Each structure stands twice: as structure tokens, then as C-alpha cells.
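Participant: need a 3D model of the following:
(2 chains)
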2 protein chains.
Amino acid sequence: MRLRIDFSYDGTDFAGWAKQPGLSTVQGDLDGALATILRDPDLQSTVAGRTDAGVHAHGQVLHVDVDDSVDPDRLVRQLNSFLTGGAIHVHRAAVAAEGFDARYSPLFRRYEYRVSDAVENRDPRTRRFTYWADDPLDMELMNEAAASILGLHDWTTYCKPRDGATRVRELQVFQWRRDADGTLVAEIQADAFCHNMVRNLVGMCIAVGRGRLQVSDAVSLRDQRTRTAAFIVVPPHGLTLLEVGYPPDAEVGARAELSRARREPV
Amino acid sequence: MRLRIDFSYDGTDFAGWAKQPGLSTVQGDLDGALATILRDPDLQSTVAGRTDAGVHAHGQVLHVDVDDSVDPDRLVRQLNSFLTGGAIHVHRAAVAAEGFDARYSPLFRRYEYRVSDAVENRDPRTRRFTYWADDPLDMELMNEAAASILGLHDWTTYCKPRDGATRVRELQVFQWRRDADGTLVAEIQADAFCHNMVRNLVGMCIAVGRGRLQVSDAVSLRDQRTRTAAFIVVPPHGLTLLEVGYPPDAEVGARAELSRARREPV
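Facilitator: Take a look at the predicted model:
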């Protein structure tokens, strides 16, 4: 029986999602809790978005194959009792639809990146998930740059290279807003992201918002398809995975097959 | 020359506002930074709201008497450089109006208390400033209880006793809302608060929202003017001082004299 588990975490004190020997990771804690509760030492989960060290998630999804006798609601309570402190919180668990794969079934991933650019408004309470930029930023220019690069493209300029994997992705949404307290928030959605892609795209926008890059540089840099020193990659702690979008139950199997055939997603 | 300094802090890792030997406190760090930067080892600040251990502030105010040569804008930059990590952040500093007293001039203090009552919605990123309640809460009943007890009253039932000080305060605003993510937020304002008053009032409302107290108990308990075990005092980490309201500059001196004469505020 395959379970889908929806959960969230504060990534501050974790060395990222993926298990690493000797390091505290989200997968290490979660798989450890599942293995103990379900008495299966070989248990392995598969996650929708393998976040880097310091990155948060509110709406992360995993699947795990378990014995038919597992009660999903009871498992949620057991996991939240086991994972003390609240840095990881499980929202719900349910039997997954036939063919569901947390990693390959998604239609899209949606992230947010939070930036505070005003000494007057900074909130120490949210500093663990908000990047404090040095200078005031021009949101209008940042939105022009963000809108200019949407679509299906090769994102080599904005990715940390990994051998073999394609860097062609469809950037579906990229826009900035100011929240009531003045915080700049980027909403950014793609079918899937290459490694470090969101943090590179946000770094480019911040350079535009400061006047260090032109709006037109967003596309011209992208089309050079080569790494650049024209902007800074922003730090991980401002980034949160907010949503993983799946097709209707009847289509999750076909979608997973298509994704597996097309690319190795990150 | 008297300076007014506006600032914020994440209270999680502090033993409250007030200096205590051997403990990390907000006043200890801030007065230490001011004393070092201004080279005045005897420097002492006076704050608007002396928050307890674990309580946060976004919009706290202090005054401090300094030499005429101090440049307020430069001082803000120096303080934020000195106070690394962002747990305390200084928004601005300015020469205070004649007669201004951070503690005695306020017309009101406004707090918020954040409660998450749904496993589905809890956000680990905000858990350091949000209380996770065990059961779903009925906001309508909580708002009826909150509205019923507004006004100028003796708050002995809802205060931790301190010898000598009056417990008569004017509760001006007390209302609950649900934010977009489902978090229950109490807004609560008074001319001044007795010790632990907000956390007692919120505890009473939560007992009402769970069905363990009747709406009418809010007033009947208040009018007994005695400590009670009918509800639990909620933990400090859900509480944030949000605003200190001062009169126009021309009236801050008279207001301070009036407050000093009427009560010892907390």
C-alpha cells in the first residue's frame, strides 16, 4: 500500500532534505520516525522537492510504501508525537491513488522567496525565513524582468550544473508583491526546477531592483546559456516550497511515466 | 538630550526584557550595545513595555539620555551592526519631544497573540511566535467573551499579583480574527496591562472556544477579583507587543505626569 504524506518544515537547523551520514536532515528525521513507528528499518520515502540546506517547505509531499494494516490518521498523530519541537509537522496521510509518485507525478512546483528591503519594517520574528537585503528595491523593475523570461527555455544560466540532466523547464509563474508589512514576496512556479534555479532567478531580480542590471539582461543572460557573475545567488533561508500540484487521481500514473521519460527532475 | 528609539525583537532566546545577572536579556544586549557605542558604561534605557521571557516585540520603544553630539541615524546603523544575528533590530532613533517618557507617556499598548488550532494548517516557520492549541476553537464564542469584558475594571482575576500596584486598567480593544492561513490572532489593547494580563485573557478565551467555559464566565470571573483555576495561562511565545501609542509631541510631558501620579504601570 502506498501512502501520500503532506508535511511542512522549518529548514533552518537541517542540512537539507536528503539523508547524509552524520548530519541532521529532514529525510533522516522523517524516515527515522516512520521506520521506528512502522518497525521497518529499510523504509525509504520519496519526496516531491529535494530542498537544499536552510530551505523551508509548507506543503511538501512524499510517498512511502507500507503494510496494508497501517492506519493513516493514527500515523499522523504518531509522527507528530515522535517529531517533537515542531520543526517538522505532518498535516495528513492518505492512501495514494494508483500510480501516484510524489516525485514524478507533479504538474508543477510553487515556491516563494521573501525579501525585506527596509530597515523600518524588518521583523526579527520572521528573519529565519526572510532575506534582509541591504538596499531598497524597485519592485516594478523586478516584475518586468520576471515577466520577460517566462516560458519553456534552457535555464543553464540560472542553474548549478549537474551532469547529464536537462536544463529545459517551463517557468509558468514569476511575480513579486509587497505584503502588508512591506516584505517583498516572489511567487515562482515551474513544471520542475533545476538545482538552485529559484535562488538564481531571485538574485537576478534583486540586481535589477537595485539598478545593477537592466530589465533586458534577464533574457539576454538566459539566452547566453552559460554561468555568469552578473548577479549574486541569494541565500537559502528566504526560500520556501509552498505547493506541489498533482493532476486528478486518474492521471497521476500517466503523468509519472511521462516525467520519467522526459527528464530527471530535481 | 533624550533619544526615542524604536525597535523589535524575537524573544525566543532571551530571558525577557529586564537585565538579570548571568542571563541573556534584551535590555542587557541593547544597553550593552548603547554603552559600548556611546562610551557611557552607566547608560540605562527606559522601555515602554517590559516583556516577559519568550515574549516578542515588533514596535517596542525606549528612551535614553545621551550626549548632544550623538547622530541618531548613525546610531541606528551602529546598533544594527553591533547586534548581529537580527534577534534585535533597531528601526529608527530620533530626538524625543520635550517631556517624553517611553514608559509613562503612552496612551495605550497593543499586543497580538497568535494561536494555531488546526493540524492541517500549522506552519513550522512561524512556530516560535505561534501557540499550537490541541483542539479546534470556536472563534465566534471567543469574540463574544472578549467583547463582554471591555472597559475600565479591576483585573485582579486576570493578573499575576504584585504588591502595591493597582490592577485597574482600561481594556480598549479585544478581538479575534482568522488570518488567511487559518491562524487565530487576538488583537488586544489597553492603556497599560498588569503582569500576565494578556496571557490570562487569552487563556480564558481559549477555554471558552473549547467549550470548557461559558461566554458569561468571562465577566463573572472578572468580577470575583480573585485568582482562579478555571482556565490555563497560555505560554509566552505566542505573544508580541505590536504598538505603543503616544499622544502628540505637545502632550507627552503632561501625559507622563498623569500616568506617574495615577499608577505604577507594567
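Participant: across the sheet, point out what pairs with the spatially closest residue to residue A:184 that is not a sequence neighbour.
Facilitator: Spatial nearest neighbour of residue A:184, excluding adjacent residues (Cβ to Cβ, 6 or more residues apart in numbering or on different chains): residue A:115 at 4.3 Å. In this view, the C-beta of every residue, glycine as well, is placed from N, C-alpha and C. Beta bridges link residue A:115 to residue A:131, residue A:184, judged by DSSP bridges.
Participant: residue A:115 is in contact with residue A:135, isn't it?
Facilitator: No - judged on Cβ atoms under 8 Å, residue A:115 makes no contact with residue A:135 at a distance of 10.9 Å.
Participant: picking that back up, now do the residue nearest to residue A:184 against chain B, distance only.
Facilitator: According to Cβ to the nearest Cβ, to the nearest Å, residue A:115 stands 14 Å off from chain B.
Participant: next one: residue A:161
Facilitator: Distance from residue A:161 to chain B, by Cβ to the nearest Cβ: 30 Å.
Participant: repeat that for residue A:104.
Facilitator: From residue A:104 across to chain B, the span is 25 Å (Cβ to the nearest Cβ).
Participant: same question, residue A:107
Facilitator: 22 Å.
Participant: how many other residues sit next to that residue?
Facilitator: 16 (other Cβ atoms under 10 Å in any protein chain shown).
Participant: show me what contacts it?
Facilitator: Taking Cβ atoms under 8 Å, 6 or more residues apart in numbering or on different chains, we find residue A:107 in contact with A:191, A:245-247, A:255.
Participant: would you format the residues you listed as TSV with distance to chain B included?
Facilitator: Converted to TSV, the contacts of residue A:107 look like this (distance: Cβ to the nearest Cβ, whole Å):
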residue	distance to chain B
A:191	25
A:245	18
A:246	17
A:247	22
A:255	25
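Participant: which intervals of the stretch 101-250 of chain A have sub-threshold pLDDT?
Facilitator: A:163-164 (pLDDT under 70).
Participant: of residue A:115 and residue A:135, which one has the most company?
Facilitator: Taking neighbours as other Cβ under 10 Å, residue A:115 and residue A:135 compare with residue A:115 leading, 23 against 12.
Participant: any idea how far the more buried one is from residue B:56?
Facilitator: The gap separating residue A:115 from residue B:56 is 21 Å, by Cβ to Cβ, to the nearest Å.
Participant: what's the answer for residue A:103, then?
Facilitator: 38 Å.
Participant: more neighbours, these two?
Facilitator: residue B:56 (29 against 20).
Participant: that one pairs with what?
Facilitator: Under the criterion used (DSSP bridges), residue B:56 bridges to residue B:240.
Participant: dump the residue contacts of it.
Facilitator: A:124-125, B:8-12, B:129, B:237, B:239-241.
Participant: how about 6 Å then?
Facilitator: Counting by Cβ atoms under 6 Å, 6 or more residues apart in numbering or on different chains, residue B:56 touches A:125, B:10-11, B:129, B:240.
Participant: same check, this time on residue A:85
Facilitator: Counting by Cβ under 6 Å, 6+ apart, residue A:85 touches no other residue.
Participant: ok, now how distant is it from residue B:106?
Facilitator: In terms of Cβ to Cβ, residue A:85 sits 36 Å off from residue B:106.
Participant: domains for chain A, by residue range?
Facilitator: A:2-96, A:108-244 (automatic domain parsing).
Participant: list buried residues within the contacts of residue A:107.
Facilitator: A:191, A:245-246, A:255 (16 or more other Cβ atoms under 10 Å in any protein chain shown).
Participant: of the residues you listed, which belong to helices?
Facilitator: Residues of the buried ones among the contacts of residue A:107 located in helices (DSSP state H): residue A:255.
Participant: which one among the buried ones among the contacts of residue A:107 gets closest to residue A:262?
Facilitator: Closest approach to residue A:262 among the buried ones among the contacts of residue A:107 (Cβ to Cβ): residue A:191, at 9.3 Å.
Participant: nearest spatial neighbour of the closest one, skipping sequence neighbours?
Facilitator: residue A:170 (4.8 Å).
Participant: what sits up against the host helix or strand of that neighbour?
Facilitator: Per DSSP states H and E, residue A:170 falls inside strand A:168-178. For strand A:168-178, contacts defined as Cβ under 6 Å, 6+ apart pick out A:139, A:142-143, A:146, A:150, A:152, A:154-155, A:184-192.
Participant: now, those that are in helices?
Facilitator: Counting by DSSP H, these contribute A:139, A:142-143, A:146 to helices.
Participant: could you redo these as a markdown table and give each row distance to residue B:4 and neighbour count?
Facilitator: Output for the ones in helices among the contacts of strand A:168-178, formatted as a markdown table (distance: Cβ to Cβ, whole Å; neighbours: other Cβ atoms under 10 Å in any protein chain shown):
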| residue | distance to residue B:4 | neighbour count |
| --- | --- | --- |
| A:139 | 30 | 18 |
| A:142 | 34 | 26 |
| A:143 | 36 | 19 |
| A:146 | 39 | 25 |
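Participant: okay if I get those residues as TSV plus distance to residue A:202?
Facilitator: Formatted as TSV, those follow (distance: Cβ to Cβ, whole Å):
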residue	distance to residue A:202
A:139	13
A:142	9
A:143	13
A:146	9
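Participant: do I have it right that residue A:17 meets residue A:29?
Facilitator: No - with contact defined as Cβ atoms under 6 Å, residue A:17 does not reach residue A:29; the gap is 10.5 Å.
Participant: of these two, which one has the most company?
Facilitator: A count of neighbours by other Cβ under 10 Å puts residue A:17 above the other of residue A:17 and residue A:29, at 26 against 17.
Participant: assign the more buried one to helix, strand or coil.
Facilitator: coil (DSSP: H, G, I helix; E, B strand; the rest coil).
Participant: same check, this time on residue A:113
Facilitator: Residue A:113 - assigned by three-state DSSP - is strand.
Participant: and it, what is it in contact with?
Facilitator: A:186, A:202, A:238-239.
Participant: give me the buried subset of the residues you listed.
Facilitator: Buried members of the contacts of residue A:113, scored by 16+ other Cβ under 10 Å, are A:186, A:202, A:238-239.
Participant: quick check: closest non-adjacent residue to residue A:210.
Facilitator: Counting by Cβ to Cβ, 6+ apart, the residue nearest residue A:210 is residue A:135, at 5.5 Å.
Participant: where does the one you found land in three-state SS?
Facilitator: From three-state DSSP, the assignment for residue A:135 is coil.
Participant: phi, psi of it?
Facilitator: Taking degrees, to the nearest 10, you get phi -120, psi 160 for the backbone angles of residue A:135.
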